[in-house]
Every structure is written in C-alpha cells, then in structure tokens.
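Trainee: Pasted the sequence and its predicted model underneath.
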Amino acid sequence: MNPVDGQLEQIGERWQLRFVRKLPHPREQVWRALTDPEHLAAWFPAEMHGERAAGAPLRFVHKDFETAPEDGEMIVYDPPSLLEFRWTDDRFRIELEPDGDGCVLTFEQTFDELGKAARDGAGWHVCLDVLGYHLSGEELPWGPMERWKPVNAAYAERFGPEAATIGPPDAHPIAQRGET
C-alpha cells in the first residue's frame, strides 16, 4: 500500500493532481496496461472507446455504475511514452520514462473544481494501486471501493475541507451506500 502520494497544485484558474510512481515493470508492459482495452479494464474506472490516435474522439463508459457515456478526445498518443486525453472538461496526461529495468509513471489530471480534488485524488490513487497489482499479476488484498473510503479521508485531511466538497456521483455505488 502506497502512502497518500498525490500532489495538488493550482495552475492558473485550474487545479492539477499529480502522481509519480516508480514501477518495476518495463515501459512497454506498462504502456500495454494503459492502452490495451483488456488491460485497461483491470484498473481504469471506465471503458475508453475510440481510436488510439491524436485528434480521435473518445467515449467513456463507466463500468461500476450506470450513467450517460461521456465524451473526450485523444490529444497525444506517442507510444510507449506519452498518452494525453480529454475526458469531459478534465485533461489527463500519463507519461512513462525508462528507469533501469522498470519505468517511472507520471499521472496528471487537470480540472476546474477544487471541491473534487480529494474524491478524484483518492480514486486515481486506488486505480494506480490496482494497476500495480495488475502489472505484477497479484490479487488485490482489498476491494477498490472499500479501499477508496479511507484513502479519500486521507486526501480530504491533507488537501483541506474546500477540496472535499464534491463526492461521488449519485449513481456511484459508494454514494448509493451512503459511504461518502
């Protein structure tokens, strides 16, 4: 289990969450997990439909709850080092740099509303933890949704109450169970 490692920074009028994880896996293996639908399904919270090419339209379909699909666009697709896309109004950048036999993954989300920083920070923190287990071929020692709650509380404490005013969407299983 990683410590709460996401960083929050204001960039102009927007906010950015940033995670840097050193992975003991080759960059090409991690790239497959970031881009191949079968591997992406193991750790990413939605199905990403669309061509893997700069400028291609994308559609995101949530897998854990029913809500309308969301639109996006592939901005940069540069295998095996850089993936950048828009999902609704949020911008995501995932960069892989070689590091010995492994690589360093830098994950950034840029968004408008500070109030969702703890929620999204916890969500991406757990997703990146799941990615690590997936890459290692290991079983998860916890369920992602049960893990989200304490991680969310840690991010809310670290980022402050103004960064924790927006919880999961009403249709999300955590919100349905009243666990926010």
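Mentor: Structure's in. What do you need? In this text, all values refer to a predicted model and were calculated from it rather than measured experimentally. Numbering: from 1, shown residues only.

Trainee: Name the spans of this protein whose pLDDT lies under the cut-off.
Mentor: 1-2, 169-180 (pLDDT under 70).

Trainee: Can you tell me the centre-most residue of it?
Mentor: By CA atoms, centre = their mean, the chain has its centre lying nearest to residue 124, at 3.6 Å.

Trainee: thought that one was touching residue 8?
Mentor: No - the criterion here is CB atoms under 8 Å, and residue 124 misses it with residue 8 at 11.5 Å. Just so you know, the C-beta spots here come from the backbone N, C-alpha and C atoms, and that holds for glycine as well.

Trainee: Tell me which other helices or strands the longest helix seen in the chain touches.
Mentor: Ranked by number of residues, the top helix in the chain under DSSP state H is helix 117-136. When contacts are defined as 3 or more CB pairs under 8 Å, 6 or more residues apart in numbering; DSSP states H and E, helix 117-136 packs onto strand 14-23, helix 27-35, helix 37-43, strand 102-111, helix 144-159.

Trainee: TSV for those, including distance to residue 136 and mean neighbour count?
Mentor: Below are the helices and strands packed on helix 117-136 laid out as TSV (distance: least, CB to CB, whole Å; neighbours: other CB atoms under 10 Å):
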stretch	distance to residue 136	mean neighbour count
strand 14-23	9	18
helix 27-35	10	18
helix 37-43	12	14
strand 102-111	11	19
helix 144-159	16	18
